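Asker: What follows is a predicted protein model with its sequence.
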Amino acid sequence: MLVRAAARRLAPALVRTRGNFHPQSVFQLTDPPNPRWNYGDGASAQWLDPTIPRKEFDFSSLSSRDTYKILTSAIVPRPIAFVSTLASDGVPNLAPFSYFSMVGHIPPLLSVSFSLSQKRLKHTRENIVATKEFTVNIISEAFAEAANCTAAEAPAEVDEWILSGLTMTPSTLVKPACVLESAVSLECELYFLKDLSAPDSEVVTATLAVGLIKKAHVHESVLDAEGAAIDPAKLRPLARLGGLTYTRLLEGFDIERTSWKAARPAYEKLLNGLGSKKNFPNPSSGDPE
Ligand SMILES: Cc1cc2nc3c(=O)[nH]c(=O)nc-3n(C[C@H](O)[C@H](O)[C@H](O)COP(=O)(O)O)c2cc1C
């Protein structure tokens, strides 16, 4: 009883004023916002009142706090890399990073970047510098709180796996473990690392780490019918918005990729309407994004 009460006091504060989480909500495909859209139509709705001015944020004079606020709420939603590393003495580390993106697929690369302060090292960065290996695990709704708690700025000797209650599962090509509860885990080798400073400064304030993805482990239950891609309805991934907010993936829509062959006659018509005639390139084959 006493232990339970103590544990309750130690548990993270829960916000209980915003309505229930709906675990039964699932990702659904809908029609696109305007299925009747045609070339040249522009926006389908007048949703920004032109009489309201645009506020300017000039980053040469904005504080780092305000820069963080505006950018992390503007560049949304951000996927989250749940990064597992090992220190050179073998201490495991686990932490989430939303400055995260896929860089490309030939070669398969991803990027994670670290905001650095003068007060405390980012252990994930230190471990990647020391060992050149990490795994990136995708966070699903079922372990949001467990993943979030690993962001505690704890001393280097702290093993965030213990704090989270999440489970290690061995990787096959790199030493850091994968997260068993993650339906998707990526084994990565450091491709390159670049320390970054403000243009007028020598002080390193961020580090970009690009990782070569050597192998993906995907729980078969989240694969689509062909088994070649991941079904978002099954993955239930989390992403980051500004502040403390996470978001879920609940709706999506498909829009056909525009082929130049199909768009060209419409473009000619639009040009004619503007009273201009121009030569433009012949159709070329596009690469996937
Ligand atoms: C959802 C989420 C996303 C985060 N994204 C980043 C990020 O992209 N870069 C960063 O430096 N810190 C980020 N943080 C903060 C780190 O997780 C935090 O500083 C953590 O203590 C780093 O752990 P480490 O020192 O063990 O590497 C994020 C925190 C949360 C909760």
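Answerer: Right, received. Where do you want to start?

Asker: shaky segments in the stretch 101-250 of the chain?
Answerer: Applying pLDDT under 70 to the stretch 101-250 of the chain flags no residue at all.

Asker: Point out the residues in it that sit beside the ligand.
Answerer: The stretch 101-250 of the chain comes close to the ligand at residues 114, 115, 122, 123, 124, 148, 151, 153, 240, as judged by Cβ under 6 Å from any ligand atom. Quick note: C-beta positions are derived from backbone N, CA and C, even for glycine.

Asker: so the fifth one makes contact with residue 96?
Answerer: In other words, residue 124. No - look at residue 124 against residue 96 with Cβ atoms under 8 Å: they stay out of range, at 9.6 Å.

Asker: Look up the residues that both of these two are in contact with.
Answerer: The contact sets of residue 124 and residue 96 overlap at residue 83 (Cβ atoms under 8 Å, 6 or more residues apart in numbering).

Asker: Helices along the chain, start to end?
Answerer: Assigned by DSSP state H, the chain shows helices spanning 2-10, 64-74, 123-131, 144-149, 160-164, 232-235, 260-273.

Asker: which of those sits most buried?
Answerer: Mean neighbour count (mean count of other Cβ atoms under 10 Å) peaks for helix 123-131 among the helices of the chain, with a mean of 20.

Asker: what's that one in contact with?
Answerer: For helix 123-131, the surrounding residues in contact (Cβ under 8 Å, 6+ apart) are 83, 85-88, 93, 95, 97, 112, 114, 116, 134, 156, 175-176, 190, 193, 207, 209.

Asker: Pick out the most distant pair among the residues of the stretch 101-250 of the chain next to the ligand.
Answerer: Checking these against each other with Cβ to Cβ, the farthest-apart pair comes out as 123 and 240, at 19.8 Å.

Asker: Run through the residues that contact residue 207.
Answerer: Residue 207 makes contact with 113, 114, 116, 122, 125, 193, 194, 195, 196, according to Cβ under 8 Å, 6+ apart.

Asker: In contact with the residue of the stretch 151-289 of the chain found nearest the ligand, which residues?
Answerer: Per Cβ to the nearest ligand atom, residue 151 is where the stretch 151-289 of the chain lies closest to the ligand, at 3.6 Å. The contact partners of residue 151, taken as Cβ under 8 Å, 6+ apart, are 95, 96.
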